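*Asks:* Just the structure for this:
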Amino acid sequence: MTIDARGKACPQPVVLALHALAELKEGENLEVWVDNDAAVENLKRMAAQKGRAASVQKESDYWRVMIGEGAQDASQSAPQPSCGCTVMGADAVVAIGSDTMGRGSEELGHALLKSFLYALAQLEMPPRTMLFFNGGAKWTVEGSPSLEDLRELESRGTEILTCGTCLDYYGLKEKLAVGSVTNMYRIAEILTQADRLVNL
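*Replies:* Residues are numbered from 1 along each chain as shown. Sure thing, here's the model as predicted:
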């Protein structure tokens, strides 16, 4: 099976490969075409994580990453993909208190958070609860670029809660498009009882 992931931003090449690996029949191999070094490295790490062999062939303007059966040599093993396509855990809580991820460029931070939400929707075990407050409340309303991913998470059992005071502050209460409204007491309860917390 061959996947053309050229032009796809992180973590899409890894996610596409994971989906394809799940569909492979015994004895079949996967070939993924990518056009940047980061995607090559992420695919190699993912293959190692899954106990599969990976080889890379450079073409004129892209790479062919071949993923087959069989464990890699220990010398080639690597940690999980840097874009994070691993199991988060059924008891994890993700708290998003900003409309960007990290500090620095707002444009980059917005793109990173959009990519993070996409990656969460692709996990085998998505988080139990997602909390959106302050600027993060903008991600759960009409016009959000991540509504499809958040709805996918909700359909798979993730509880999506948005701070009502925050929605009121930004004039967005009537535009909530996924999940439900909550209050700071409930947010405090969830945060203090979380087994695993990802705070952005």
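*Asks:* Can you name the residues in contact with the helix ranked longest in the chain?
*Replies:* Determined from DSSP state H, the single longest helix within the chain is helix 106-122. Surrounding helix 106-122, the residues in contact under the criterion Cβ atoms under 8 Å, 6 or more residues apart in numbering are 9-12, 15, 18, 83-85, 88, 94, 96, 98-103, 126-127, 130, 139, 145-146, 149-150, 152-153, 200. Where you see a C-beta, it was placed from the backbone N, CA and C, and this is true even at glycine.
*Asks:* I'd like to know how many residues surround G51.
*Replies:* The number of residues packed near G51 is 11, by other Cβ atoms under 10 Å.
*Asks:* where's it relative to G68, distance?
*Replies:* Distance from G51 to G68, counting by Cβ to Cβ, to the nearest Å: 11 Å.
*Asks:* next one: E142
*Replies:* According to Cβ to Cβ, E142 stands 45 Å off from G68.
*Asks:* In terms of neighbours, single out the busier of those two.
*Replies:* Comparing E142 with G68 by other Cβ under 10 Å, the one with more neighbours is G68, at 16 against 11.
*Asks:* ok, now which ones touch that one?
*Replies:* Contacts of G68 were listed using Cβ under 8 Å, 6+ apart, and they are N29, L30, R52, A53, A54, S55.
*Asks:* Please identify the helix or strand for the fifth one.
*Replies:* Of the helices and strands defined by DSSP states H and E, A54 is found in strand 53-58.
*Asks:* for the record, mean pLDDT for that strand?
*Replies:* Mean pLDDT, taken over the full extent of strand 53-58, equals 90.
*Asks:* what comes up buried for that strand?
*Replies:* Residues of strand 53-58 classed as buried by neighbour count (16 or more other Cβ atoms under 10 Å): A53, A54.
*Asks:* roughly how far out does it sit from the chain middle?
*Replies:* Centre-to-centre, strand 53-58 and its host chain are 24 Å apart (Cα atoms, centre = their mean, to the nearest Å).
*Asks:* so what pLDDT did the residue most central in space within the chain get?
*Replies:* The central residue of the chain, meaning the one whose C-alpha is nearest the mean C-alpha position (Cα atoms, centre = their mean), is A119 at 1.2 Å. At A119, the predicted lDDT confidence score is 91.
*Asks:* Thanks again, I'm all set now.
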